[in-house]
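>>> Predicted model, plus sequence, below.
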Number of protein chains: 2
Amino acid sequence: MAKKTPYVILGLLSEEPLDGYDIKKRIDIRFRFFWNESYGQIYPELRNMVKLGWITSESGEGKKGKTVYAITDQGRNELKTWLHLPVETESLRLEILLKMYFASIGDPALMRGHVETFLAAHQKDLMILNMFKKELETIEDPYQNHQYILSVIDFGIKTNEAYLSWSQEALHMLRSKENRDEAK
Amino acid sequence: MAKKTPYVILGLLSEEPLDGYDIKKRIDIRFRFFWNESYGQIYPELRNMVKLGWITSESGEGKKGKTVYAITDQGRNELKTWLHLPVETESLRLEILLKMYFASIGDPALMRGHVETFLAAHQKDLMILNMFKKELETIEDPYQNHQYILSVIDFGIKTNEAYLSWSQEALHMLRSKENRDEAK
DNA sequence: GGCGGCATGTAAGTTGTTACATGATTAA
DNA sequence: TTAATCATGTAACAACTTACATGCCGCC
């Protein structure tokens, strides 16, 4: 799988110039439900992209000033080219399902703990997503991209609702297994 | 994130001894909706696990015979220990959402193509999962693990249904954007 | 005066993919 | 007889994580 870090960066810079720290922060906030990047990828990649001519860097006064990156025309073209490329089939890895698959090795109470943690995490995610949605509806739409962003949020809401529904059914199943075990 | 390849292998071997090729095949079939491993990980890992004493290897006659691996008591303990460990927060990366987020850079027809492909792929997945479910209900349950496996399948069904529902809404949105563009 | 957040990076290590190589067996 | 699948690997590469290092700035 080809790396996509440069395109996340280009996408963010297509709105406005940012420094590396801001880029990381925005990825963490906006994309946290479906994407992540580490500093170890962002900073070296920024240098590389400058070398390629996809972005330019402007350093602040002296040594202390932060370095702000801006997208170039070529960068915009690269972004567009990538948008046209077929979406690579994502390889997701859900450890909780692996554990559930092998859960008969342990006892039901064990798995119940895992599912409860999973449920709590995704309840929180769902709340945040609903907040995002409300917020987005109140602010202006200068880049005419709100409908797309809303679609991404809706994806998050739908999948997280599916996670919650599954968690509740799984807990049901696990609890009835526990009761049966006690009764034996 | 610690690697989980050894535990997938242990889980499969906890049912019956297998060779490396079979292990890969079973992962591709049973876990394809939420897990994947390559030969490049499986074969070296098998050797390593033998060295650790988690599994034993028995080679067939001569050079041609295949090597069958079996789980040891220690391996069973390692598997149980891993089952108890908290589930690591999965970092999923969905390129289609990244593209949707930045879709205003291109035109709606572009994204429509991507979503249509996504929809078709997950319709197929959903069909396969439903087949799995029916099949599981007809066969015996010697390891008393069918309820757990069913729960994993249900996870797949629920999330894929969510994907389909999202795809349809997204297509709706994209088509109305296309019509508006034409009308301009 | 210290804590948290801002800001930039790197080195080392781990994990995972891809492409290739080899040869046996089996079914059309 | 030839294509597909079985079966086992490895080398090179690419991607990613983690932990650390450094220093600034503002505020309580």
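The structure has been received and is ready for your questions. Predicted model, so just to flag it, every value in this text is computed and none were measured.
>>> any idea which element the residue of chain A found nearest DNA strand D lies in?
In chain A, the residue that lies nearest DNA strand D is A:G40 (2.7 Å; CB to the nearest atom of the strand). Where you see a C-beta, it was placed from the backbone N, CA and C, and this is true even at glycine. For A:G40, the host element (DSSP states H and E) is helix A:39-52.
>>> is the host helix or strand of A:M100 anywhere near chain B?
Using DSSP H and E, A:M100 falls within helix A:95-101. Yes - looking at helix A:95-101 against chain B by CB under 8 Å from any CB of the partner chain, the contacts come from A:95-101.
>>> how about the residues of chain A that lie near DNA strand C?
A:1, A:19-22, A:25, A:39-40, A:43-44, A:46-47, A:66-67, A:91, A:93 (CB under 7 Å from any atom of the strand).
>>> who wins for neighbours among the residues of helix A:95-101 next to chain B?
A:M100 (28 neighbours; other CB atoms under 10 Å in any protein chain shown).
>>> how far off helix B:146-183 does the longest helix belonging to chain A point, in degrees?
Counting by DSSP state H, the longest helix found in chain A is helix A:146-183. Put simply, helix A:146-183 runs at 170 degrees to helix B:146-183, going by axes from the mean of the first three to the mean of the last three CA atoms, to 10 degrees.
>>> residues contacting the spatially closest residue to A:L92 that is not a sequence neighbour?
Sequence neighbours aside, B:L92 is the residue nearest to A:L92 in space, at 4.7 Å (criterion: CB to CB, 6 or more residues apart in numbering or on different chains). Counting by CB atoms under 8 Å, 6 or more residues apart in numbering or on different chains, B:L92 touches A:34, A:90, A:92-94.
>>> Can you tell me which of those residues is nearest DNA strand C?
A:R93 (6.9 Å).
>>> neighbours of that closest one, just the number please.
If you count neighbours by other CB under 10 Å, A:R93 ends up with 18.
>>> Test my guess that it contacts B:E90.
Yes - contact criterion CB atoms under 8 Å: A:R93 and B:E90 qualify, at 6.3 Å.
>>> three-state assignment of the residue nearest to A:L92?
coil (DSSP: H, G, I helix; E, B strand; the rest coil).
>>> A:S38 versus that one, what's the distance?
16 Å (CB to CB, to the nearest Å).
>>> returning to that earlier point: export whichever helix or strand comes after the helix holding A:G40 to PDB, keeping only CA atoms.
Remark: after helix A:39-52, the chain's next helix or strand is strand A:55-59, criterion DSSP H and E. Only the C-alpha atoms of strand A:55-59 are listed here, as PDB (Å, rounded to 0.1, in the frame of the first residue of the first chain):
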ATOM      1  CA  ILE A  55       4.700  22.700  -0.900                       C
ATOM      2  CA  THR A  56       6.800  25.600   0.100                       C
ATOM      3  CA  SER A  57       8.200  26.400   3.500                       C
ATOM      4  CA  GLU A  58       8.500  29.800   5.100                       C
ATOM      5  CA  SER A  59      10.400  30.000   8.400                       C
END
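>>> got the contact list for A:Y143?
A:Y143 neighbours (CB under 8 Å, 6+ apart): A:15, B:104.
>>> what domains does the record give for chain A?
A:5-84, A:95-183 (automatic domain parsing).
>>> Tell me the secondary structure of A:E140, please.
At A:E140 the chain is in coil, as set by three-state DSSP.
>>> wait, doesn't A:E37 sit right on A:K25?
No - taking contacts as CB under 8 Å, A:E37 lies outside contact range of A:K25: 10.9 Å.
>>> of the two, who's got more company?
The residue with more neighbours, out of A:E37 and A:K25, is A:E37; 18 against 12, by other CB under 10 Å.
>>> Please name the nearest non-neighbouring residue to the more buried one.
Spatial nearest neighbour of A:E37, chain neighbours left out: A:I27 (5.2 Å); criterion: CB to CB, 6+ apart.
>>> touching DNA strand D at all, the host helix or strand of the one you found?
A:I27 is part of helix A:20-30 when elements are defined by DSSP H and E. No - using CB under 7 Å from any atom of the strand, helix A:20-30 stays clear of DNA strand D, with a minimum separation of 9.3 Å.
>>> helices or strands next to that helix in the packing?
On a contact count with 3 or more CB pairs under 8 Å, 6 or more residues apart in numbering or on different chains; DSSP states H and E, helix A:20-30 meets helix A:5-13, helix A:39-52, strand A:67-71.
>>> closest one to chain B among the ones you listed?
helix A:5-13 (4.1 Å; CB to the nearest CB).
>>> got the angle for that closest one vs helix A:20-30?
With the same axes, to 10 degrees applied, the angle from helix A:5-13 to helix A:20-30 works out at 90 degrees.
>>> so how far is helix A:5-13 from its chain's centroid?
14 Å (CA atoms, centre = their mean, to the nearest Å).
>>> and what of stretch A:17-30?
For stretch A:17-30 - counting by CA atoms, centre = their mean - the centre lies 13 Å from the chain centre.
>>> likewise stretch A:137-151?
Relative to the mean C-alpha coordinate of its chain, stretch A:137-151 is positioned 18 Å out (CA atoms, centre = their mean).
>>> And for stretch A:9-27?
How far stretch A:9-27 lies from its chain's middle: 15 Å, per CA atoms, centre = their mean.
>>> now that stretch: mean pLDDT?
The average pLDDT within stretch A:9-27 is 98.
>>> Over to stretch A:72-81?
On average, stretch A:72-81 scores 98.
>>> Next, the buried residues of it.
Within stretch A:72-81, the residues that count as buried by 16 or more other CB atoms under 10 Å in any protein chain shown are A:72, A:75, A:78-79.
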